[in-house]
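> below are the sequence and a predicted model for it; my questions follow.
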Amino acid sequence: MNAKYLRRCLSAAHLYLGLVLGGVFALLGLTGSFLVFYPEIDRFLNPELQISSRPLSELNVQVMFERLHEAFPQRQGVWRLELPRDSEQAVYARYLRPEEKSPELFAPLVVALDPASGSVINSRFWGDYAVTWVYNLHYSLLAGKTGTVCVSLLGIALCLSMCIGIYLWLPRGSNRLKKAIPKVRNNKYQAIYDLHGYSGAYGLCLLLVLTVTGIGLATPQWLEPIVNTFSHRAVKLEFESEMPLRSTTRISANQAIAVSQVQIPGSQVRWIEAPSTVQGAYVLRLKQKGEPSDRFPKTYLWVDQFSGKVLGVRDALNVPGGDVFFDWMHPLHNGEALGIGGRWLVFFLGLLPFFLCCTGWIRWRHKVKAKSQSASNAHLSWSRH
């Protein structure tokens, strides 16, 4: 296969991938940009979630659990609290397995609580309100587990299309380095080509990071065999409380948090799950300095609900390389690992597939128009003879 024929085949593959799937690529990118700031957007759309400033030290977590059981006495399963990270956030609770929803779907009941009184501000099912509907659209195209597979396949197609595009764009000849310096020409047809080529070329590496991490989040089982060839992953931990011989008095959530601070000094509790059975344990999710994610850290602590004894610890700063790889997936995908600057970077990168789709389509229309005009001129010239 000669180079000219290969280039023609790759050009056709790049064109048809863009024409057939470009709209879906753009949709995934735009919804991803939206989700970078979805907690803030949710508070903007629902002003009642904007809490008056109150010191976080005054939060009584045990009271929050008690208010939940008072407000929802019929829901005796597992409640998980997300503690506020600043003084103007509500406390969010998730009831993980609501009877109204299919157990196969992630659709918890999400309840917002006033951190001062513990009163219920609102309660909604995940997927039934705007930001979570967009989340499900981005994560699974609203098609459940089948949708996550489709999203991962689309991610692979996007990677392939971008790599082909870079190969086709790469400058050739003696002045290749000079040609690689971004410069948009004045001619409108050449300008569209330049905008499409340079934005794709210089956004490739960052967009590939977003795409690969997206595949890892949607279908981690696809990446695990590859990662396991370089480093193993730790066994998933599960612990149960030990039933006491005499007293069955449960320690409070506040006491469980105090235990976590002794076990891992300087850590901050982000999530706490209360036991719903006598075998269950308190599960705390803690943020340690050095972890990439602030909202979803990967340090876990299990505390016996009766004795307050630490049953187990997953220290995110001391795990195998395979776990480190997957622990970084989400904070890289939403930019959180690089702070507010990283979140804004991911926001703008999410717009790139839409921009590439638009400029690619315009470029294709220019070529179609040019061919049509050329054919028309040839026909006119032939008819004159």
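Looks like it came in fine.

> alpha carbons only for contacts and neighbour counts from here, please
Fine.

> in stretch 287-301, which residues are buried?
Neighbour-count burial for stretch 287-301, counted by 16 or more other CA atoms under 10 Å, picks out 287-288, 291-301.

> okay if I get the residues you listed as CSV plus pLDDT?
Formatted as CSV, the buried residues of stretch 287-301 follow (pLDDT from 0 to 100):
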residue, pLDDT
287, 97
288, 97
291, 97
292, 96
293, 96
294, 95
295, 96
296, 97
297, 97
298, 97
299, 97
300, 97
301, 98
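
> taking those together, which two end up most distant?
Spatial extent of the buried residues of stretch 287-301 (CA to CA) is set by the pair 292 and 301 at 18.1 Å.

> which ones among the buried residues of stretch 287-301 map onto strands?
Counting by DSSP state E, the buried residues of stretch 287-301 place 287, 299, 300, 301 in strands.

> now, which of the residues you listed sits nearest residue 230?
Checking those against residue 230 by CA to CA gives residue 299 as the nearest, at 22.7 Å.

> who does the closest one form a beta bridge with?
Counting by DSSP bridges, residue 299 is bridged to residue 286.

> surely it is in contact with residue 288?
Yes - the pair residue 299 / residue 288 is scored as a contact, 7.3 Å apart, by CA atoms under 8 Å.

> for the helix or strand in which residue 351 is found, name the packing helices and strands.
Following DSSP states H and E, one finds residue 351 within helix 339-384. The contact analysis (3 or more CA pairs under 8 Å, 6 or more residues apart in numbering; DSSP states H and E) places helix 339-384 against helix 3-36, helix 188-218.

> wait, which of those is closest to residue 138?
Short answer: helix 3-36, nearest of the helices and strands packed on helix 339-384 by CA to CA, at 5.6 Å.

> picking up where we left off before, between the helix holding residue 351 and helix 188-218, how many degrees?
Interaxial angle, helix 339-384 versus helix 188-218 (axes from the mean of the first three to the mean of the last three CA atoms, to 10 degrees): 130 degrees.

> and helix 339-384, how far out from the chain's middle?
Chain-centre distance of helix 339-384: 29 Å, with CA atoms, centre = their mean, to the nearest Å.

> in a markdown table, list the helices and strands packed on helix 339-384 along with mean neighbour count, mean pLDDT and distance to residue 62.
Formatted as a markdown table, the helices and strands packed on helix 339-384 follow (neighbours: other CA atoms under 10 Å; pLDDT from 0 to 100; distance: least, CA to CA, whole Å):
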| stretch | mean neighbour count | mean pLDDT | distance to residue 62 |
| --- | --- | --- | --- |
| helix 3-36 | 17 | 94 | 31 |
| helix 188-218 | 18 | 92 | 33 |
